[in-house]
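*Asks:* sequence and predicted structure, then a few things I'm wondering about:
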Amino acid sequence: MAVTNEQLVALYQSTKSRHSKDVLYRKMYKKNIGLIYRITGFYIKTYPTFFRKDQDNADLKQEVALKLADAMDKFKPDRETKFSTYFEFISHNHIRKFLRSYMSRVLEFPCGHDNELSYIEDNKNTNIYGRYTEVLDNLDKKFIRDTILLYVSQIEFKTDKHRFIFESRYGLNRASDGLTLKEIAEAVHLTHQRVSVIIRNYEKKLKKIIDKDIDNGLITKEDIGLLVPQN
């Protein structure tokens, strides 16, 4: 019977031998090579402008490989979430931050500007500015959705209606952005105030779960500010 990711993580965390950890890491890497290439492939295919060379692609794969070791160190076996889901989430989070600094090296800026951002601000109507902001916007949207999906999977909803209300608010059960409180209230035949109370209760549960990962350095308070809809 094949060893699971979770079993490999348990072995990795229980041993103090550096050699044993290296062996287990290599096994985990080989076992999840398809997932690693799927994660990196998403960015290489979606944003070819920023990954034009083989070395760029290799750098990206190396970044994800490093997060695999980090995930093996910090994954909690008692989570309901699978290791592969957890690893994919923190990889996307890491790449999102990695690209913010990486893009400044990839884009070519003319002389006469103190930094990359000043050039972008001076050229808001150019394609270079559009590509930059589009990538950041798309990465933020993907991060927000992936974050909520990961943590919401750990929430126990009292009823299917409660799940529908919460997921509708965050757009988890539809392709577009989340619904407003008024739209949800009309859909489930409850008052605006009642819907608001239900959502706040589950947001508190969501926050408790996320706070644990803040303590472990897997997500920042700055990122949390992106998660709650404003309207």
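*Replies:* In hand now; what should we look at? Residues are numbered from 1 along each chain as shown.

*Asks:* now residue 3: how far from residue 69?
*Replies:* 18 Å (CB to CB, to the nearest Å). Bear in mind the C-beta positions are built from the backbone N, C-alpha and C, glycine included.

*Asks:* and stretch 154-161, what's buried?
*Replies:* Using 16 or more other CB atoms under 10 Å as the test for burial, stretch 154-161 gives residue 157.

*Asks:* typo on my end, it should be stretch 196-216
*Replies:* Quick answer for stretch 196-216 (16+ other CB under 10 Å): 196, 198-199, 202-203, 205-206, 210, 213.

*Asks:* how does the protein divide into domains?
*Replies:* 1-154, 155-231 (automatic domain parsing).

*Asks:* check the ones you listed for me: which has the lowest mean pLDDT.
*Replies:* Mean pLDDT is lowest for domain 1-154 among the domains of the chain, at a mean of 74.

*Asks:* wait, isn't residue 91 in contact with residue 66?
*Replies:* No - applying CB atoms under 8 Å as the test, residue 91 and residue 66 come out as separate, 9.6 Å apart.

*Asks:* please say which of the two ends up with more neighbours.
*Replies:* Legend: neighbour count by other CB atoms under 10 Å for residue 91 and residue 66, higher for residue 91 (24 against 12).

*Asks:* distance of the more buried one from residue 8?
*Replies:* 17 Å.

*Asks:* ok, now residue 2?
*Replies:* For residue 2 relative to residue 8 (CB to CB), the value is 10 Å.

*Asks:* looking at these two, which is more packed in?
*Replies:* residue 8 (18 against 5).

*Asks:* my guess is that one contacts residue 31. True?
*Replies:* Yes - if you go by CB under 8 Å, residue 8 and residue 31 touch, sitting 7.2 Å apart.

*Asks:* and stretch 170-189, what's buried?
*Replies:* Under 16+ other CB under 10 Å, the buried positions of stretch 170-189 are 170-171, 178-179, 181, 184-185.

*Asks:* got JSON lines for those, with distance to residue 161 and secondary structure too?
*Replies:* Below are the buried residues of stretch 170-189 laid out as JSON lines (distance: CB to CB, whole Å; DSSP: H, G, I helix; E, B strand; the rest coil):
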{"residue": "170", "distance to residue 161": "16", "secondary structure": "coil"}
{"residue": "171", "distance to residue 161": "17", "secondary structure": "coil"}
{"residue": "178", "distance to residue 161": "16", "secondary structure": "coil"}
{"residue": "179", "distance to residue 161": "14", "secondary structure": "coil"}
{"residue": "181", "distance to residue 161": "15", "secondary structure": "helix"}
{"residue": "184", "distance to residue 161": "10", "secondary structure": "helix"}
{"residue": "185", "distance to residue 161": "12", "secondary structure": "helix"}
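
*Asks:* so which of these comes closest to residue 82?
*Replies:* residue 170 (21.1 Å; CB to CB).

*Asks:* fine by me, thanks again.
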